[in-house]
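A.B. asks: Take this sequence and fold it.
(3 chains)
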Amino acid sequence: MGEKSVFDSQTNIITDAVVFEEDYTPDEIYCRDEMKTEYVQILRPIYKGRPPKNAFLYGDTGVGKTAVTKFLLEKLADDLEKKHGEQTITANNLSILSSEFPEPHTVASGENADLTVVQLNCQNLPTKGEKGTSYQVAVALVNQFLSEEDELSTTGHAPQAIYNRLYKEIDRLGGTILIILDEVDAIGDDDTVLYELPRSRADGKISEARIGVIGISNDYTFQQNLSPKVQDSLCEREIRFPAYGADQLATILRERVDVGLIEGSYSESSLAIIAALARRDSSGSARKAIDILQKAAEIAEDRGKEEITEAFAREAFEEIRKDELIEDIKQQDAHKLNALNALAEAHRLDKVPIRKKTLHSTYSKIVEDNGNKPIAVRSFHNHLNRLVMFGLVNEVTENRGKGGGRYNVYELSQEMTPQAVNKAINETDDISWVDVTYIKDV
DNA sequence: CGTCCACAGGAAGAAAAGGGCA
DNA sequence: TGCCCTTTTCTTCCTGTGGACG
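C.D. replies: So this is what the prediction gives:
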């Protein structure tokens, strides 16, 4: 009898971890029948070799927008292949639909690709975290068509040159080109890309290819803020994805556990709890529900238990929330981390709702101690505002009237703790300027 | 009811960081 | 190499304002 490896847990209830992964596509997508029907109508022209339609999808994160997209596109690719035989190509790797770093574009047989799908996440395109602009989207699109060595830099080009290049690449490919812009609301006010793309053929900028644009957004209001010309072209068709209800989430979970977990390791009621937790916390995100499920299963394994109990589900939920928080903090840039650092220190010293001015001087001290130059109060103010928008920091406006004036005070938001800030900063290894011992000393 | 504090946050432009092109 | 782009961030300057005080 072989000795058990220390890496093995006492029990194994997960049989196939694939079902938890982001890009797992189930055999069937549940509870999205109406959306699927509408979506099929949008894609149908492509199957028939007619000019594609543009569309706009919206709904909160994790309600199946990308899942349905991926599911239907794979099906479309299959069916096209069946229809035309092997050599009329279904083009570009659909797997990029969910991978963060798309592989270079590969069109199997060159010239006559029938359908090319390009997917792009418009969020966090350029410098970390901030808004992607039309320009950035255009650059990123061009890069999707180029091999890795040839990729363009994200700055330094004349905008018109980028658009021209984009048209050139598109025309070179020819055929039907379906451009999927995920998180399209990140584009912000300047929507030239959204205007240019759908009309490029009509404007004579391209002649060989036909372009379809599908915009995906989780901001309901985004589409209303678009300029009317863009609304006309892009929002030809729109599909709304409502949030999953708790029972629908449970259905989705049931499908996953069927494939991925040992029978008997879960009960209807524990699935229901997970569904309810996800429903409440994230307004119906399937992603969230699946994450909780995975975590709960892992916890059960670690404890040597054979069943996911309600307690494990709740524990998993809490743990995931904590992890997410740390992740959120880690994503902030240097100035914001230092601001959080200073704020955490204020918490430790119990000077909790702290005025911006005071906070700024603490911040300056930290930065200077590490040999860097602090930014001016006005910029600091902007960073703080950002943190407030991210929900990491609370802001309250105080008004002491004549003789006191009006000012804002800040503190870490409810779920934030100085420990969380500390942990996040410690885990951020690309910022040597944060001297953690300094915080401990003061 | 007007005063007046102390800042909020807009505007404009300078600076920094990245890069093309001849 | 020098000069030209771009985007984004930071600075400087400034006007606007909620409401307790008198």
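A.B. asks: Just give the nearest non-adjacent residue to A:Tyr195, would you?
C.D. replies: Distances taken as Cβ to Cβ, 6 or more residues apart in numbering place A:Val230 nearest to A:Tyr195, at 4.9 Å, with adjacent residues excluded. Every residue, glycine included, has its C-beta placed from N, CA and C.
A.B. asks: Pull up the gap between that neighbour and A:Ser134, please.
C.D. replies: Remark: distance between A:Val230 and A:Ser134 (Cβ to Cβ, to the nearest Å) = 11 Å.
A.B. asks: coming back round to it: looks like the residue nearest to A:Tyr195 contacts A:Leu194 (just checking).
C.D. replies: Yes - taking Cβ atoms under 8 Å as the definition, A:Val230 is a contact partner of A:Leu194 at 4.7 Å.
A.B. asks: quick one: which of those two has more around it?
C.D. replies: A:Leu194 (26 against 22; other Cβ atoms under 10 Å).
A.B. asks: contacting residues around the more buried one?
C.D. replies: Contact analysis of A:Leu194 by Cβ atoms under 8 Å, 6 or more residues apart in numbering lists A:Ser134, A:Leu181, A:Val184, A:Ile187, A:Val213, A:Gly215, A:Leu226, A:Val230, A:Ser233, A:Leu234.
A.B. asks: Quick check, the third one in contact with A:Ser217.
C.D. replies: Meaning A:Val184. Yes - A:Val184 is within contact range of A:Ser217, at 5.0 Å (criterion: Cβ under 8 Å).
A.B. asks: So for these two, which sits in the more crowded spot?
C.D. replies: Remark: of A:Val184 and A:Ser217, A:Val184 carries more neighbours, 30 against 21, as counted by other Cβ under 10 Å.
A.B. asks: at contact distance from DNA strand C, anything in the helix or strand hosting A:Ile366?
C.D. replies: Secondary structure assignment for A:Ile366, by DSSP states H and E: helix A:356-369. No - applying Cβ under 7 Å from any atom of the strand, one finds helix A:356-369 out of contact with DNA strand C, separated by at least 10.3 Å.
A.B. asks: In terms of secondary structure, what does that helix contact?
C.D. replies: Counting contacts by 3 or more Cβ pairs under 8 Å, 6 or more residues apart in numbering; DSSP states H and E, helix A:356-369 is packed against helix A:334-348, helix A:377-390, strand A:406-412, helix A:436-441.
A.B. asks: just the ones you listed: most buried one?
C.D. replies: Across the helices and strands packed on helix A:356-369, averaging neighbours per residue (mean count of other Cβ atoms under 10 Å) puts helix A:334-348 on top, at a mean of 22.
A.B. asks: export that helix as CSV, just CAs?
C.D. replies: Extracted C-alpha coordinates of helix A:334-348, given in CSV (Å, rounded to 0.1, in the frame of the first residue of the first chain):
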residue,chain,number,x,y,z
ALA,A,334,1.0,53.3,-6.7
HIS,A,335,-0.6,56.5,-5.7
LYS,A,336,-3.8,54.9,-4.7
LEU,A,337,-2.0,52.2,-2.8
ASN,A,338,-0.1,54.8,-0.9
ALA,A,339,-3.2,56.7,-0.2
LEU,A,340,-4.8,53.5,1.2
ASN,A,341,-1.6,52.9,3.1
ALA,A,342,-2.0,56.2,4.8
LEU,A,343,-5.6,55.7,5.4
ALA,A,344,-4.9,52.3,7.0
GLU,A,345,-2.5,54.0,9.2
ALA,A,346,-5.1,56.5,10.3
HIS,A,347,-7.3,53.6,11.2
ARG,A,348,-4.6,52.1,13.3
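A.B. asks: pLDDT (mean, whole number) over it?
C.D. replies: Computed over helix A:334-348, the mean pLDDT rounds to 90.
A.B. asks: quick check, A:Ala289 in a helix?
C.D. replies: Yes - per DSSP: H, G, I helix; E, B strand; the rest coil, A:Ala289 lies within a helix segment.
A.B. asks: Now do the same contact list for the nearest residue to it once chain neighbours are set aside.
C.D. replies: The shortest distance from A:Ala289 to any non-neighbouring residue, by Cβ to Cβ, 6+ apart, is to A:Ala278 (3.6 Å). Listed by Cβ under 8 Å, 6+ apart, the contact set of A:Ala278 reads A:Leu249, A:Gly284, A:Ser285, A:Ala286, A:Lys288, A:Ala289, A:Ile292.
A.B. asks: Just the ones of these in helices?
C.D. replies: The subset of the contacts of A:Ala278 located in helices under the criterion DSSP state H comprises A:Leu249, A:Ala286, A:Lys288, A:Ala289, A:Ile292.
A.B. asks: In the stretch 201-350 of chain A, which residue sits nearest DNA strand C?
C.D. replies: Evaluated by Cβ to the nearest atom of the strand, the stretch 201-350 of chain A has A:His335 as its residue closest to DNA strand C, separated by 5.1 Å.
A.B. asks: roughly how far apart are that residue and A:Thr428?
C.D. replies: 13 Å.
A.B. asks: A:Asn394 pairs with what?
C.D. replies: A:Glu411 (DSSP bridges).
A.B. asks: burial of it, as a residue count?
C.D. replies: Using other Cβ under 10 Å, A:Asn394 has 15 other residues around it.
A.B. asks: these two touch, right, it and A:Glu415?
C.D. replies: No - counting by Cβ under 8 Å, A:Asn394 does not reach A:Glu415; the two are 10.8 Å apart.
A.B. asks: tell me, what's touching the two both at once?
C.D. replies: Residues touching both A:Asn394 and A:Glu415 (Cβ under 8 Å, 6+ apart): none.
A.B. asks: got a list of what the closest residue to A:Lys336 other than its chain neighbours touches?
C.D. replies: Nearest residue to A:Lys336, sequence neighbours excluded (Cβ to Cβ, 6+ apart): A:His383, at 5.1 Å. Counting by Cβ under 8 Å, 6+ apart, A:His383 touches A:His335, A:Lys336, A:Ala339, A:Ile375.
A.B. asks: and what of A:Tyr195?
C.D. replies: A:Ser227, A:Lys229, A:Val230, A:Ser233.
A.B. asks: Helix or strand next in line after the one helix or strand the third one maps to, which one?
C.D. replies: What that stands for is A:Val230. In this structure, A:Val230 sits in helix A:228-234 according to DSSP H and E. Of the helices and strands lying after helix A:228-234 in sequence (DSSP H and E), the nearest is strand A:237-240.
A.B. asks: Alpha carbons only: can I get that next one in CSV?
C.D. replies: C-alpha atoms of strand A:237-240 as CSV (Å, rounded to 0.1, in the frame of the first residue of the first chain):
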residue,chain,number,x,y,z
ARG,A,237,-30.7,44.7,-32.9
GLU,A,238,-30.4,44.5,-29.2
ILE,A,239,-30.7,41.6,-26.7
ARG,A,240,-31.3,42.1,-23.1
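A.B. asks: Can you list the residue ranges for strands in chain A?
C.D. replies: Secondary structure of chain A, counting by DSSP state E: strands at A:55-58, A:115-121, A:175-182, A:209-217, A:237-240, A:354-355, A:393-399, A:406-412.
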